[in-house]
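# Structure here, sequence nowhere to be found:
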């Protein structure tokens, strides 16, 4: 640790203590000036990720998931974006850091897996070259050694005949293999934080499961922190220790994944849960979409940004939803589960109104009551 | 002229035979040569590749072509090297600083330069830089095998004129391609790996942007190799363009020289197209020959 710090004389922040989370994001706001005005892509976002833990970020397109994680790598062009708040990677302040300094973090301490590996890999360089390039940026090794490392990584992510396929170009790989190669490229420098931006979006279900297993294995092996960005709650359920639901650039609910999935307290999360088709379920069963469209980030709605689409606005006294932005506060379920909602009794509304509609099989048909064993979460899990 | 003489000349030149026959003879001559070719009262032997006899010099056209060609080739290679390098570098820089005043200045400047007709630029450059100010020596072609230093110094001005006037379209084209490439997802990947900004630009982006530029360059370069009339005439370079122009404007016109220069252009364009297609498979791994 100390050796690490001494290599970084230009550190702006004090060296992080070993117990601090690897990544700390505090009050992050990202705004893009455009011809039509200032777009607030991310507003006042705070979270932390510890080594060996996985954070799932869920939300619709345009909710600020990718924008916030790209900010961790400093990938926003300072000329076209305005960042405020604080992002600390191992104690190092990323916001305002020089390009030179950021380059040492990118791909080395923090690596990113992009969605759609076909467009994210360079079409004119071989897979091996692209992986080796990433390795040679951060390690002083010969080209031959870097290539050996590339073969090793391809082998590690399960590419058959890696020593032969290393010279293939991205178009010669299948979709799943490209995503594996992308993962190999991200992991080549043993990063301590891995940001996976919708890593399975373009893949079919079986390949998706393989990729998720692979990510889990690798995380266990390297004890790295992982942020997984997705709009698929299934992926979150499988991988994430903690889940953050984002809406219109803000965190609207945050807590342990099991807790969020079983006792969601924010109507937007209810909507997300209600719109998941069930494998093996009734094919004719109606999915319940969230009405309306995501709000404009140029002129966000007043008050709670979800209120124009929220079916529960009437349950809040006064005009609170339209006038006042709710704070991200603990609800009925303890300090570790926070939500941004004015509803006073979300737990009751969820079990009485939402659950019967989205998961009728959790309700006892004779009593009409929730079957406690199926829905309950052990408080120790949280 | 006596009608009988006229008939005799017609027969000697093959003008009493149909066009197709004469064309056949001409094509055949390219591969196997021709004997007893009549030209201006004399009979010539014309070994393969025979392009006919020049009425001006009385030499087989092929012999003259071989003698004129090095000048054109030197001019083309030097000029093309300058405009390709300069155009691509300027275009890449403009793309990097796109939207800034440096970018606008560059794009505006290239538009201005390419709006001025080439022969005016060439003529002004020759008059002012070579004749009046004597920054450059007099121009012309000296065989590169005899005195390379002299060749280079005499060719420098024509090279620069070709280079500077032609680089403008390459700069704009490269810029367009680069701007498009810079928006690709794989640019963000390169940046996320920690690749240096300049390397992202000149390795990752340029590598992809250069492919369509090469296509255009192939055709442009072939055109240049086929002879540039204005440059050669203005800078008194004794090459194909100069030669072709003389053959066209003199009396009697030197029909065999004209057909030879047309043939050379046609062959060069076809070959350049073929080479570009083959080169594509090396430049873009997604394209394969066969």
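Structure received. As the structure is a computational prediction, the values presented were derived from the model and not from experiment.
# Now do the same contact list for residue A:183.
Taking CB atoms under 8 Å, 6 or more residues apart in numbering or on different chains as the contact definition, residue A:183 lies against A:113, A:157, A:199, A:211, A:214-215, A:218. Every C-beta, even on glycine, is put in place using the N, C-alpha and C of the backbone.
# change it to 6 Å
Taking CB atoms under 6 Å, 6 or more residues apart in numbering or on different chains, we find residue A:183 in contact with A:113, A:157.
# Which element, helix or strand, includes the residue lying closest to residue B:200 once chain neighbours are set aside?
Distances taken as CB to CB, 6 or more residues apart in numbering or on different chains place residue B:190 nearest to residue B:200, at 4.9 Å, with adjacent residues excluded. For residue B:190, the host element (DSSP states H and E) is helix B:185-193.
# now swap in residue A:246 and tell me
Under the criterion of DSSP H and E, residue A:246 resides in strand A:242-247.
# what does the average pLDDT come to for that strand?
Mean pLDDT, computed over strand A:242-247, is 95.
# what's the offset of that strand from the middle of its chain?
How far strand A:242-247 lies from its chain's middle: 8 Å, per CA atoms, centre = their mean, to the nearest Å.
# could you pull out the strands for the chain?
No chain in the question, so chain A it is. With DSSP state E as the criterion, chain A has strands at A:23-34, A:37-49, A:54-58, A:82-89, A:92-93, A:110-113, A:193-197, A:225-230, A:242-247, A:250-256, A:329-330, A:338-339.
# sorry, should have said chain B
Counting by DSSP E, chain B has strands at residues B:34-39, B:42-46.
# Can you pull up the residues of chain A that come close to chain B?
If contact is defined as CB under 6 Å from any CB of the partner chain, the residues of chain A in contact with chain B are A:73, A:103, A:106-107, A:112, A:119-122, A:124, A:134, A:137, A:169, A:171.
# now do 7 Å
A:73, A:75, A:99, A:103-104, A:106-108, A:112, A:114, A:116, A:119-124, A:133-134, A:137-138, A:169, A:171 (CB under 7 Å from any CB of the partner chain).
# Restricted to helices, list these.
Among the residues of chain A next to chain B, the subset assigned to helices under DSSP state H consists of A:99, A:103-104, A:119-120, A:133-134, A:137-138.
# Of those residues, which pair is most distant in space?
Put simply, by CB to CB the two of these set farthest apart are A:104 and A:119, 26.4 Å from each other.
# follow-up on the earlier one: chain center to the helix holding residue B:190, what's the gap?
On the basis of CA atoms, centre = their mean, helix B:185-193 sits 38 Å off its chain's mean C-alpha point.
# just the angle between it and strand A:193-197, please?
Between helix B:185-193 and strand A:193-197, the angle comes out at 170 degrees (axes from the mean of the first three to the mean of the last three CA atoms, to 10 degrees).
# Would you confirm that residue A:60 contacts residue A:231?
Yes - with the criterion set as CB atoms under 7 Å, residue A:60 and residue A:231 qualify as a contacting pair; they are 6.4 Å apart.
# and the strands of chain B as JSON lines, adding mean pLDDT, distance to chain A and mean neighbour count?
Formatted as JSON lines, the strands of chain B follow (pLDDT from 0 to 100; distance: least, CB to the nearest CB, whole Å; neighbours: other CB atoms under 10 Å in any protein chain shown):
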{"stretch": "strand B:34-39", "mean pLDDT": "86", "distance to chain A": "50", "mean neighbour count": "16"}
{"stretch": "strand B:42-46", "mean pLDDT": "88", "distance to chain A": "49", "mean neighbour count": "14"}
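# Turn these into TSV, including distance to residue A:312.
Putting those into TSV (distance: least, CB to CB, whole Å) gives the following:
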stretch	distance to residue A:312
strand B:34-39	97
strand B:42-46	97
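# from the residues of chain A next to chain B, which would you call buried?
Buried members of the residues of chain A next to chain B, scored by 16 or more other CB atoms under 10 Å in any protein chain shown, are A:73, A:75, A:103-104, A:106-108, A:112, A:114, A:116, A:119-124, A:133-134, A:137-138, A:169.
# Count the neighbours of the closest residue to residue A:200 other than its chain neighbours for me.
By the measure of CB to CB, 6+ apart, the closest residue to residue A:200 outside its immediate chain neighbours is residue A:208, 4.1 Å from it. Per other CB atoms under 10 Å in any protein chain shown, the neighbour tally for residue A:208 reads 20.
# What score does residue A:208 have for pLDDT?
Here the pLDDT value assigned to residue A:208 is 85.
# how much space between the residue of the stretch 151-300 of chain A found nearest chain B and residue B:201?
Residue nearest to chain B within the stretch 151-300 of chain A: residue A:169 (4.4 Å; CB to the nearest CB). Noted for residue A:169: a distance of 22 Å to residue B:201, by CB to CB, to the nearest Å.
# likewise residue A:223?
Distance, residue A:223 to residue B:201, using CB to CB: 36 Å.
# and those two? which has more neighbours close in?
Neighbours per residue (other CB under 10 Å) separate residue A:223 from residue B:201, with residue B:201 holding more: 21 against 11.
# Now the more buried one: closest residue in space that isn't a chain neighbour?
Closest residue in space to residue B:201, ignoring its immediate chain neighbours: residue B:96 at 5.4 Å, by CB to CB, 6+ apart.
# In the chain, which residue is most central in space?
Just going to use chain A. The central residue of chain A, meaning the one whose C-alpha is nearest the mean C-alpha position (CA atoms, centre = their mean), is residue A:229 at 2.7 Å.
# hm, I was asking about chain B
With the centre of chain B defined as its mean C-alpha position, the nearest residue by CA atoms, centre = their mean is residue B:224, 0.8 Å away.
# show me the contacts for residue A:134.
The contact partners of residue A:134, by CB atoms under 7 Å, 6 or more residues apart in numbering or on different chains, come to A:107, A:185, A:188-189, B:193.
# In those residues, which residue is surrounded by the most others?
Going through those with other CB under 10 Å as the criterion, the one with the most neighbours is residue A:185, at 31 neighbours.
# so where's the chain uncertain?
No chain in the question, so chain A it is. A:1-19, A:278-285, A:359-382 (pLDDT under 70).
# think we crossed wires, I meant chain B
Within chain B, the stretches falling below the threshold (pLDDT under 70) are B:289-290.
# So which bits of it are right by chain A?
B:184-186, B:188-189, B:191-197, B:204, B:207-208, B:284-286.
# Going through those, which ones are buried?
B:184-186, B:188-189, B:191-195, B:204, B:207-208, B:284-285.
# Show me the two of the residues you listed that sit farthest apart.
When those are compared pair by pair using CB to CB, the two farthest from each other are B:194 and B:284, 26.3 Å apart.
# For residue 210, which residues are in contact?
If you meant another chain, say so; for now it's chain A. So residue A:210 contacts residue A:176 (CB under 7 Å, 6+ apart).
# let's do chain B instead
Residues in contact with residue B:210, defined by CB under 7 Å, 6+ apart, are residue B:88.
# Pull out the buried residues from the longest helix belonging to chain A.
Of all the elements of type helix in chain A, the one with the most residues (DSSP H) is helix A:205-222. Residues of helix A:205-222 classed as buried: A:207-208, A:210-212, A:214-215, A:218-219, A:222 (neighbour count, 16+ other CB under 10 Å).
# Now flag whichever of these is closest to residue A:342.
Closest approach to residue A:342 among these (CB to CB): residue A:212, at 35.5 Å.
# how close does the closest one sit to residue A:119?
Looking at residue A:212 against residue A:119, where the rule is CB to CB, the gap reads 21 Å.
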